[in-house]
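Novice: Have a look at this prediction, sequence included:
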Amino acid sequence: MLNLNKILDKVTDVVVRTGDHIYRESNRKKLISYKGAVNLVTQFDRISQILIVNYLKKNFPDFGILSEENVNHYTNSPIKWLLDPLDGTTNFAHNLPIWAISLGLEVEGVIVLGLVYDPTRKELFTAIKGKGALLNGKKIRVSDTRKLDKSLLVTGFPYDIRESKENNLEYFTRFCLCAQAVRRLGSAALDLCYTACGRFDGYWEIKLSPWDQAAGSLILLEAGGMVTDFKGKPFNIYGREVLGTNGYIHKQMMAVLNRKD
């Protein structure tokens, strides 16, 4: 049996230390390279990944690791980490302080532990499956907004927005016309966590990677929220759709997403 409390304590230490280090150094010149037309990476993404991955390999040698910047270590293991070393790289590269480190633990296909750390605000979101969700050690809960037209929503756009017709723009337009407002922050991990603590009432996105949503989806669920695909089917971090809400507006958002115009 895994002692998830002890594991969480260990990885919290390295994630917070790494995040604080990156934040202190973030005023240095950023060396930017491109993985696609609008998908960039900096040396800080790689520094963060190196520091955290080396720690995970040393302290959890039997666990696999799947990380954004081309780390596929022992991924056939029934237990593996899913790491986004810097979620919100475009924001980070432009000195916009909306970014985080996200780390989730998957055991036989189930996310059992998650943490998301925002060094710019010193906010640490954590969750262990079945134990609730916390922000800086205090319990958090989703909002109690009941109607979509009173709801503040958040979303993001895929990296192939310039090439693919499946780019979320139609959904964005629909929700702009029926919700109180829609925001786009640029960090899926924080979008999920902000929905978990009631800052947003609902969130949807397409074409995310598993490391984008592993930790945040658990945090939202443990805060009393609901997470599915657009049809209401069980959520899969390896799938192409995520709909996360406070639960009250879930069916209302599904109706908008599945509407045939």
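Specialist: The structure has been received and is ready for your questions.
Novice: which element is residue 116 on?
Specialist: Taking DSSP states H and E as the criterion, residue 116 maps to strand 110-118.
Novice: Give me the contact list for that strand.
Specialist: Strand 110-118 has contacts (Cβ atoms under 8 Å, 6 or more residues apart in numbering) with 2, 4, 7-8, 11-12, 15-16, 19, 82, 87, 99-106, 123-129, 189-190, 192-193, 214-219, 237. In this view, the C-beta of every residue, glycine as well, is placed from N, C-alpha and C.
Novice: Any of the residues you listed buried? List them.
Specialist: Neighbour-count burial (16 or more other Cβ atoms under 10 Å) is assigned, among the contacts of strand 110-118, to 4, 7-8, 11, 15-16, 19, 82, 87, 99-106, 123-129, 189-190, 192-193, 214-219, 237.
Novice: Tell me how far the closest residue to residue 258 other than its chain neighbours lies from residue 45.
Specialist: Spatially, and ignoring its direct neighbours in sequence, residue 258 is nearest to residue 230 (6.4 Å; Cβ to Cβ, 6 or more residues apart in numbering). Distance of residue 230 to residue 45, computed by Cβ to Cβ, to the nearest Å: 30 Å.
Novice: from the contacts of strand 110-118, which ones fall inside helices?
Specialist: 4, 7-8, 11-12, 15-16, 19, 189-190, 192-193, 214-219 (DSSP state H).
Novice: you'd agree residue 10 is up against residue 56?
Specialist: No - judged on Cβ atoms under 8 Å, residue 10 makes no contact with residue 56 at a distance of 9.4 Å.
Novice: Between the two, which is the more surrounded one?
Specialist: A count of neighbours by other Cβ atoms under 10 Å puts residue 56 above the other of residue 10 and residue 56, at 24 against 15.
Novice: Double-check the more buried one against residue 66; I have them as touching.
Specialist: No - applying Cβ under 8 Å as the test, residue 56 and residue 66 come out as separate, 11.0 Å apart.
Novice: Find residues that contact each of these two.
Specialist: Common neighbours of residue 56 and residue 66 (Cβ under 8 Å, 6+ apart) are 81, 83.
Novice: The lowest-mean-pLDDT helix or strand in the chain pairs with which strands?
Specialist: Using mean pLDDT, DSSP states H and E, strand 32-34 stands out as the lowest-scoring helix or strand of the chain, at a mean of 75. Applying DSSP bridges, strand 32-34 is found paired with strand 40-42 (antiparallel).
Novice: and the strand it pairs with, average pLDDT?
Specialist: Averaging pLDDT along strand 40-42 gives 78.
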